[in-house]
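Q: this is a predicted model, with the sequence first.
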Amino acid sequence: MYSNKLLKIILAILSLLVVVVFLICYFVYEDIRHKNENYHTLLYNLSFRNDKQNYLTYAQKTIGSLSLDINRMDDSIISKKGEVEFIENLESVARGSGLSIEINSLILNNNSNLASSSIDILKIKAKTKGSWSASYTFLTRLELLPFKLRVNKFGLVSIDKEVTSTEIRMAVSSGIWQSEFEIDVLKYK
């Protein structure tokens, strides 16, 4: 009976030990599962922040590269009070090409086809007088101006006399020519 009682005590202690080991295993499992969930949550958050940081870096680089283009486009439109400066620039280009220039008209046209309501079109009609090569040089320089402009009309006529096709070479080198042109330039309101 003594051995039976001892056996029951050992069995009770072993059962208690199994329950304790089971409880320890359960708590260790729950701790590992909890840490694993936290790890995946942190990994997801870190990945999300990394993607967000990469996107922000890419956006900053894009904005930085576009800012030069935006500034160049902004500079290609006449400022609000820049009409006089543009006309003076146009006149200096003509004089620099060896021409005399006369501005006939300036018309401010509010074009509804433009996407922006803050931009108008300044129409300029003018005449120049000078040599044929100076007129050609002026047209070239006019197209190279840093402004967004469109040459709608550019006519070149010899003032000295009527020129036939066989006399063009002589008239080009020796005669006085008059050009009439019409340009459109974008301008801020």
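A: Nice, I can see it. Since we're looking at a predicted model, the values are computed, not measured.
Q: okay, now the sheet partners of the one helix or strand residue 122 maps to, with direction.
A: Assigned by DSSP states H and E, residue 122 falls within strand 119-130. Take DSSP bridges as the rule and strand 119-130 pairs in its sheet with strand 100-109 (antiparallel), strand 177-188 (antiparallel).
Q: tell me which of those strands lies nearest to residue 59.
A: Closest of the strands paired with strand 119-130 to residue 59 is strand 177-188, at 27.3 Å (criterion: CB to CB). Any C-beta I mention is one placed from the backbone N, CA and C, and that applies to glycine too.
Q: in that closest one, what's buried?
A: Neighbour-count burial for strand 177-188, counted by 16 or more other CB atoms under 10 Å, picks out 177-179, 181-187.
Q: tabulate the strands paired with strand 119-130 in a markdown table, adding columns for distance to residue 13 and mean pLDDT.
A: Putting those into a markdown table (distance: least, CB to CB, whole Å; pLDDT from 0 to 100) gives the following:
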| stretch | distance to residue 13 | mean pLDDT |
| --- | --- | --- |
| strand 100-109 | 103 | 86 |
| strand 177-188 | 93 | 87 |
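Q: how about those strands in JSON lines, adding distance to residue 38?
A: Formatted as JSON lines, the entries for those read as follows, by distance: least, CB to CB, whole Å:
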{"stretch": "strand 100-109", "distance to residue 38": "66"}
{"stretch": "strand 177-188", "distance to residue 38": "57"}
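Q: nearest to residue 134, of the ones you listed?
A: strand 177-188 (8.2 Å).
Q: pull the CA atoms of that closest one into CSV?
A: Only the C-alpha atoms of strand 177-188 are listed here, as CSV (Å, rounded to 0.1, in the frame of the first residue of the first chain):
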residue,chain,number,x,y,z
TRP,A,177,12.9,95.7,-99.2
GLN,A,178,9.8,96.3,-97.1
SER,A,179,8.4,93.5,-95.0
GLU,A,180,5.0,93.4,-93.3
PHE,A,181,4.5,90.9,-90.6
GLU,A,182,2.0,89.9,-88.0
ILE,A,183,2.8,87.9,-84.9
ASP,A,184,0.9,86.6,-82.0
VAL,A,185,2.6,86.5,-78.6
LEU,A,186,1.2,85.0,-75.4
LYS,A,187,0.8,87.5,-72.5
TYR,A,188,-0.3,87.2,-68.9
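Q: can you give me the helices in the chain?
A: For the chain, applying DSSP state H gives helices covering 2-75, 83-96, 132-143, 168-174.
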